[in-house]
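Engineer: Structure, please.
(3 chains)
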Amino acid sequence: MPELPEVETIANALRCGGRGGPALLGRCICRGCLMWPRTLAEPAPAEFETRIGGQAIRDINRRGKFLIFRLQADSMLVHLRMSGDLLVEPQTAPIAPHHRLVLDLDGELRLAFNDPRKFGRVWLVADPQRILAELGPEPLDPALSANQFYERLQRTHRQLKPLLLDQTFIAGLGNIYTDEALHLAGLHPLHNSHHLDRTQAAGLLASIRTVLEEGIQRQGASIDWVYRGGDFQNYFRVYQRTGQPCPVCGTTVERIVIGQRGTHFCRVCQPAPKGE
DNA sequence: CACGAGACCTGTTCGC
DNA sequence: TGCGAACAGGTCTCGT
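Structural biologist: Predicted coordinates:
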């Protein structure tokens, strides 16, 4: 799914205008209509449709991979998972095949949640913290220090790849940016988090920040058939570059499976930890 | 606690 | 050309 940079790009576009759409701040949600009921995590569809009507959009933000719409009385949280997207279109447009939820806005506009794979979820809640409470720190938050990050790595004995994908450890990384960050940091994806020293931990945090900021600057990545406007996919170091040369040393990039996720790395830049 | 497999879904691409 | 298998940016739950 979209990862932190893609979600950030979408939040910015909806808040301030962009990606060809207008800003949504201040607009009122007149009506909600659900096409695929399981899209709604809570409340029940009937309550959702009555409760969201008439609420104005006060702000649009991101936390981890969640989009947060602060409304008058409630917050609407959207998780795009693997294939979700949010589109702003005229109310006169036909309902596209993969639209799962549409919100009619004032100004004859429509906010549509489009999600071919139906993994995405939407919540309408009074207190967003109840849903977001388990998320780990924001990687780009300056309050997250290298020392704190080192301590968090020390607290567990897990392989780096699945650990970085764990949203309770750090919020916002997905398969792309995890592979990219580990390559930039020169760390093998199977490296045990407990065995990193302080220098390696600081380097990993810095690498995570570098690849996320690059992703945001390039408006995210557009891969497969899902075009989202960004072009970070043209700057991948290892992700989806199996068999191609490592941009640093020229060694062939390899693909292995860790935790059922395709994992791309360079065996020279990211040497296997001792004992593996 | 750490890890692996299966589930939830549809669409595209790959290999024979 | 056709068909099944593998694969896809995520997360949850269960079993070991």
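
Engineer: Only C-alpha atoms from now on, for both contacts and neighbour counts.
Structural biologist: Will do.

Engineer: so where do the helices sit in the stretch 101-250 of chain A?
Structural biologist: Along the stretch 101-250 of chain A, counting by DSSP state H, counting those that start in this stretch, helices occupy A:129-132, A:146-154, A:160-165, A:175-185, A:198-217.

Engineer: Tabulate these (JSON lines), appending mean neighbour count, distance to residue A:97 and mean pLDDT.
Structural biologist: Putting these into JSON lines (neighbours: other CA atoms under 10 Å; distance: least, CA to CA, whole Å; pLDDT from 0 to 100) gives the following:
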{"stretch": "helix A:129-132", "mean neighbour count": "12", "distance to residue A:97": "29", "mean pLDDT": "97"}
{"stretch": "helix A:146-154", "mean neighbour count": "17", "distance to residue A:97": "43", "mean pLDDT": "98"}
{"stretch": "helix A:160-165", "mean neighbour count": "21", "distance to residue A:97": "31", "mean pLDDT": "98"}
{"stretch": "helix A:175-185", "mean neighbour count": "24", "distance to residue A:97": "27", "mean pLDDT": "98"}
{"stretch": "helix A:198-217", "mean neighbour count": "19", "distance to residue A:97": "29", "mean pLDDT": "98"}
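
Engineer: Now render the ones you listed as TSV, adding distance to DNA strand B.
Structural biologist: Shown next, in TSV, are these (distance: least, CA to the nearest atom of the strand, whole Å):
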stretch	distance to DNA strand B
helix A:129-132	18
helix A:146-154	9
helix A:160-165	7
helix A:175-185	14
helix A:198-217	17
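
Engineer: okay, those helices in TSV with distance to residue A:62 next?
Structural biologist: Below are the helices of the stretch 101-250 of chain A laid out as TSV (distance: least, CA to CA, whole Å):
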stretch	distance to residue A:62
helix A:129-132	11
helix A:146-154	21
helix A:160-165	17
helix A:175-185	17
helix A:198-217	13
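
Engineer: Does residue A:103 touch residue A:35 like I think?
Structural biologist: No: look at residue A:103 against residue A:35 with CA atoms under 8 Å: they stay out of range, at 11.1 Å.

Engineer: Between the helices of the stretch 101-250 of chain A, which one is closest to residue A:268.
Structural biologist: With CA to CA, the closest approach to residue A:268 among the helices of the stretch 101-250 of chain A belongs to helix A:175-185: 10.1 Å.

Engineer: residues contacting residue A:250?
Structural biologist: Not one residue lies near residue A:250 by CA atoms under 8 Å, 6 or more residues apart in numbering.

Engineer: Distance check, it against residue A:266.
Structural biologist: For residue A:250, the distance to residue A:266 (CA to CA, to the nearest Å) stands at 9 Å.

Engineer: sorry, back to before: so between residue A:103 and residue A:35, which is more surrounded?
Structural biologist: residue A:103 (22 against 14; other CA atoms under 10 Å).

Engineer: What distance do you get for the more buried one to DNA strand B?
Structural biologist: Using CA to the nearest atom of the strand, to the nearest Å, residue A:103 is found at 21 Å from DNA strand B.

Engineer: ok, now which ones touch that residue?
Structural biologist: Going by CA under 8 Å, 6+ apart, residue A:103 touches A:29, A:30, A:31, A:32, A:33, A:110, A:111, A:112.

Engineer: Return the member of those residues nearest to DNA strand B.
Structural biologist: Relative to DNA strand B, the closest of the contacts of residue A:103 is residue A:112; by CA to the nearest atom of the strand it sits at 16.3 Å.

Engineer: So the closest one is in contact with residue A:102, correct?
Structural biologist: Yes: if you go by CA under 8 Å, residue A:112 and residue A:102 touch, sitting 4.4 Å apart.

Engineer: So which bits of chain A are right by DNA strand B?
Structural biologist: Proximity of chain A to DNA strand B is confined to A:38, A:98, A:116-119, A:156-159, A:162-163, A:192, A:224-225, A:258-260 under the rule CA under 7 Å from any atom of the strand.

Engineer: what about 10 Å?
Structural biologist: For chain A, the contact set with DNA strand B under CA under 10 Å from any atom of the strand comprises A:36-39, A:81-83, A:97-98, A:115-120, A:153-163, A:190-194, A:224-226, A:257-261.
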